[in-house]
Each structure stands twice: as structure tokens, then as C-alpha cells.
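# How does the following fold in three dimensions:
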Amino acid sequence: MKARILLLVFGTFAGPHMIAQTQPSAPKADAIYIHANIYTGVTGGSSFHEVQRAQAMAVRADRILAVGTESDILKLKGPSTTTVDLQGHFVMPGFNDAHMHLTEAGFKKLTVDLTGTHSIEEFRDRIRKRVETAAPTEWIRGSGWDETLWQEKELPSRWDIDEVTSDHPVYLERIDGHVAVANTLALKMARVTLASKDPEGGEIGRDISGQPNGILRETAKEMVSAIIPAPSADKRRQAIEAALAEIAASGITSVQDYSPDENDENFRVYEQLEREGKLTVRITEWLPFNNPLNVLQKSRAAHPQSDPMLHTGMLKAHRARSSHESHAGSALSRAEGHRIHATQPSPNGYALGAISVRSGAGRTFLCLGGIRQARRYSGLWN
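Here you go, the predicted structure:
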């Protein structure tokens with residue numbers, strides 16, 4: 001089998017964009033990987049249509065130069081080429097994560113990981129372990145709980161956390177990021193009381209007497225999260241680097257990320273890592289739908305699509321009022337003209353994305369209806 005020359009960005013070499021051709025005078029490789037089991041994505045000619053495997057791969061700079069038999073690939077070896085014996089290990093293209101919150105995932109690794117807890121007792125035990133090592137009055141943060149995995153399938157309350165600690169303010173987000181629970185001290189510090197009104201696009205959970213029970217939905221989460229001290233610059237970078245390490249370990253080479261913050265500090269860390277050559281994954285950063293158009297244009301100009309490692313992507317509409325509204329249904333129908341203008345299908349326009357958080361076709365129709373109403377409002381549709 002002749003060497004297959006693949007003109008793709010590092011980490012990918014299969015799929016519809018693969019280009020195979022024979023070059024009589026190919027450039028020498030920086031590295032050659034031999035004794036490999038490489039998944040090419042190319043189907044064979046037999047009736048079984050099996051996917052062909054390759055034995056070796058040549059890499060030059062950040063491009064895969066060729067895959068093929070060892071005899072063909074070794075012809076690309078030069079005096080400074082490094083040869084790596086993969087000892088029969090499997091090799092495949094890198095994965096793409098189409099929707100993630102990279103910075104949040106990093107901070108999750110530095111906080112209480114409640115992912116996979118199967119009971120309220122295990123939920124409390126993990127909080128307790130963090131409390132044991134926390135400084136006095138330090139905020140305890142965490143995420144990942146999912147009450148649907150618990151036998152009782154009931155949302156946790158502030159009283160459940162109070163059993164563990166009443167000296168530390170505690171704020172814990174659900175696995176989907178749309179619901180959080182806080183303990184009594186955190187609610188007191190945030191002045192969330194019986195008299196508090198639901199914020200637009202959010203809901204304060206209450207018991208039968210109307211007292212806040214600790215559950216905060218959508219924008220109501222910000223009533224507590226807004227008073228949590230901001231992480232230091234070093235802690236922010238530590239969190240992002242922790243996320244990047246886990247992403248790399250999972251074989252992910254590109255992500256569509258949404259990690260907004262008030263001063264774009266997360267994105268500034270991405271930029272710093274890119275300048276230092278330490279950004280180990282290609283990031284397409286979604287932009288907040290509510291940002292003014294001039295801010296959106298500035299972000300895109302600094303990182304256009306031509307930036308191979310870090311560029312901006314679509315606008316993300318978010319925030320549902322309650323279980324009866326989708327994100328787009330609440331955000332897009334009231335959108336201001338200068339924001340809607342950004343969704344026009346022009347070379348300088350922006351793709352628009354929205355998430356229908358709740359399950360069911362009705363929620364999806366609400367989401368699509370919100371987009372349609374916004375388009376009509378902007379004059380794009382009759």
C-alpha cells in the first residue's frame with residue numbers, strides 16, 4: 001500500500017476531508033511512528049467494507065504527513081527524524097467535544113466533585129471531606145450532583161447541607177449547570193429570604209411555607225454565585241490547565257467551548273496559553289448572545305476563523321425563565337435590534353445557537369419559535 005499523504009491539522013487524519021496521493025519526493029518527517037494499529041477511516045474494497053488499518057505514520061511540524069506500511073513510511077525518514085515504536089497500540093483521530101464549559105470543568109477539579117453520587121448520604125459525605133480540609137469560613141463549592149441517580153430522586157435542600165456544616169457558606173451546582181443548591185449561611189450572606197422575588201429568568205425554590213429551601217434555578221443562581229469571591233489569576237490558570245490535561249488524556253483535540261465571565265478573564269488565560277505554546281486543544285469559543293455588537297466584533301477581530309488554535313464561534317442564547325420556557329423562547333423574543341442584527345447571514349454575521357434545556361418536543365418548538373420571532377423582529381423574515 002502506498003503512503004497516504006494527509007493534509008490535515010494535527011490530531012485528525014480520517015474522514016471526508018482525507019486526501020490520498022503519492023508524492024515521489026515527499027519532505028522528510030520530524031517523527032515516524034511504527035508498529036502501530038492505525039484506524040484510517042478508509043473502507044476496503046471487499047464485500048465486507050472493512051476499515052483499513054495502517055502500520056506506520058509520519059509527522060512533520062503540526063501535520064500528519066503520511067500513513068501506510070512501515071516500508072513506505074520509513075522512506076520519509078531523515079537524519080534528524082525521531083522514530084517511536086508504538087508496540088502495536090491503537091491510534092485513531094482525535095475527538096471533538098461539541099459542547100463544553102472548559103473553565104467550569106477545570107474549577108470542578110479543584111472543588112467538590114459530586115458526579116456519580118448515588119444517594120443524599122454520599123452527597124453529604126463528599127462535602128464533609130472537603131470541609132475537613134477547608135480554612136475557617138472558606139466557601140465550599142462543588143458541582144455534578146444529579147438527584148435522578150438517587151433512590152428518593154428528590155432535590156437536595158439547604159438543610160441537607162446544614163447537617164454537614166453551618167460555618168462554611170456552601171454553593172453546589174447540579175450536573176447540568178442550570179440548578180444549584182446553597183446552604184442556609186450562603187443564602188443569608190446573599191440576602192435570599194422569604195421576601196426575595198424571583199429574578200427574571202430564574203426561580204428561587206421554596207418550601208410549603210414560602211421559605212427558600214436552597215434550590216436556585218437559572219438566573220437565581222447568580223444571587224449567591226455573585227457574592228462568592230473571585231478566584232485569583234493563579235487559581236484560574238490552575239483550573240484551566242487541569243481541564244486541558246484531562247481533555248488531552250481523553251484524546252480530545254478540539255472543543256466548542258462556552259466559558260463566559262464578566263471581564264473575559266477565562267479567555268485571557270486561553271490567549272496567554274496560546275502565546276506560550278501551551279494550548280493543547282483547538283478551541284472555538286462561543287460568544288454570549290447578550291453582548292453588544294461592538295464587543296462581539298472586537299472579540300471576533302482578535303481571533304478570526306483563521307486562528308488555528310483559538311477562534312470565536314457562534315452566539316449562544318441562554319437562560320430559561322422556568323420549566324415552562326426554553327432559552328430562546330425567553331431570550332430571543334425580547335432581543336434588542338442591535339443584537340439581532342448580529343445574526344444576519346452575511347460574511348460578517350454570526351451563527352446563532354440556543355439550547356432547549358427541558359426535554360420534550362414542546363420545548364424544542366418553543367426554542368425554534370423564539371428564533372423565528374427574533375428573526376421577524378429584525379426584519380429578516382416577512
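# how close does residue 77 sit to residue 197?
71 Å (C-beta to C-beta, to the nearest Å). Bear in mind the C-beta positions are built from the backbone N, C-alpha and C, glycine included.
# Which one of those two is surrounded by more residues?
Using other C-beta atoms under 10 Å as the criterion, residue 77 and residue 197 rank with residue 77 on top: 16 against 6.
# residues touching the more buried one, list them.
By C-beta atoms under 8 Å, 6 or more residues apart in numbering, residue 77 lies in contact with 28, 29, 32, 83.
# Checking the third one next. Helix, strand or coil?
Right, residue 32. Under DSSP: H, G, I helix; E, B strand; the rest coil, the three-state class of residue 32 is strand.
# And for the last one?
On the three-state scheme (three-state DSSP), residue 83 is labelled strand.
# For it, which residues are in contact?
Contacts of residue 83 by C-beta under 8 Å, 6+ apart are 31, 32, 33, 34, 77.
# Those residues into CSV, with extra columns for pLDDT?
Shown next, in CSV, are those (pLDDT from 0 to 100):
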residue, pLDDT
31, 97
32, 97
33, 98
34, 97
77, 95
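# Which one of the residues you listed is nearest to residue 268?
Lowest distance from residue 268 to the contacts of residue 83 (C-beta to C-beta) belongs to residue 31, with 32.7 Å.
# Give me the most central residue, this protein.
residue 100 (1.4 Å; C-alpha atoms, centre = their mean).
# Surely that residue is in contact with residue 255?
Yes - judged on C-beta atoms under 8 Å, residue 100 makes contact with residue 255 at a distance of 5.3 Å.
# what pLDDT does residue 25 get?
pLDDT, residue 25: 62.
# Show me how far stretch 72-84 is from its chain's centre.
37 Å (C-alpha atoms, centre = their mean, to the nearest Å).
# buried stuff in it?
72, 73, 74, 76, 77, 81 (16 or more other C-beta atoms under 10 Å).
# and what of stretch 180-200?
Buried residues in stretch 180-200, defined by neighbour count with 16+ other C-beta under 10 Å: 180, 181, 182, 183, 184, 185, 186, 187, 190, 192, 198, 199.
# Show the average pLDDT along that stretch.
Over the span of stretch 180-200, the pLDDT mean works out to 97.
# what does that stretch contact?
With C-beta under 8 Å, 6+ apart, stretch 180-200 has contacts from 139, 145, 155-162, 165-174, 204, 210-212, 214-216, 219-227, 321.
# Quick check on those: which are buried?
Among these, the ones that count as buried by 16+ other C-beta under 10 Å are 139, 145, 155-158, 160-161, 165, 168-174, 204, 212, 214-216, 219-221, 223-225, 321.
# Take those residues and keep only those in helices.
Of the buried ones among the contacts of stretch 180-200, the ones assigned to helices by DSSP state H are 158, 160, 161, 223, 224, 225.
# Any chance of a markdown table for the residues you listed, columns distance to residue 274 and pLDDT?
Listed next are these as a markdown table, based on distance: C-beta to C-beta, whole Å; pLDDT from 0 to 100:
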| residue | distance to residue 274 | pLDDT |
| --- | --- | --- |
| 158 | 41 | 98 |
| 160 | 42 | 97 |
| 161 | 39 | 98 |
| 223 | 35 | 97 |
| 224 | 33 | 98 |
| 225 | 28 | 96 |
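# Go through those residues and name the one nearest residue 121.
Closest approach to residue 121 among these (C-beta to C-beta): residue 160, at 9.8 Å.
# thought that closest one was touching residue 122?
No - checked against C-beta under 8 Å, the pair residue 160 and residue 122 is beyond contact range at 11.8 Å.
# I'd assumed residue 127 was in a helix, is it?
Yes - judged by three-state DSSP, residue 127 forms part of a helix.
# Grab the nearest non-local neighbour of it.
In this structure, residue 127 finds its nearest non-sequential neighbour in residue 164, 4.9 Å apart by C-beta to C-beta, 6 or more residues apart in numbering.
# Who are the contact partners of the one you found?
When contacts are counted by C-beta under 8 Å, 6+ apart, residue 164 touches 124, 127, 128, 131, 170.
# Please repeat the previous calculation with a cut-off of 7 Å.
Residues counted as contacts of residue 164 (C-beta atoms under 7 Å, 6 or more residues apart in numbering) are 124, 127, 128, 131.
# Now list the buried members of these.
Here, 16+ other C-beta under 10 Å leaves 124, 127, 131 buried among those.
# returning to that earlier point: mind checking which of the buried residues of stretch 72-84 are in helices?
72, 73.
# Adding distance to residue 314, write the buried residues of stretch 72-84 out as CSV.
Shown next, in CSV, are the buried residues of stretch 72-84 (distance: C-beta to C-beta, whole Å):
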residue, distance to residue 314
72, 41
73, 39
74, 44
76, 39
77, 43
81, 41
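# Can you tell me which of the buried residues of stretch 72-84 is nearest residue 150?
Nearest to residue 150 among those, with distances taken as C-beta to C-beta, is residue 73, at 52.9 Å.
# pLDDT at the nearest residue to the closest one once chain neighbours are set aside, what is it?
Distances taken as C-beta to C-beta, 6+ apart put residue 56 closest to residue 73, at 3.8 Å, once the chain neighbours are dropped. Residue 56 is assigned 97 on the pLDDT scale.
# Surely residue 56 is in contact with residue 29?
No - in this structure, residue 56 is not within contact of residue 29 by C-beta atoms under 7 Å, at 10.1 Å.
# Identify all contacting residues around stretch 299-306.
Around stretch 299-306, the neighbours that count as contacts under C-beta under 7 Å, 6+ apart are 287, 310, 311, 312.
# Can you tell me the element the first one falls in?
Spelled out, that is residue 287. Using DSSP states H and E, residue 287 sits within strand 282-288.
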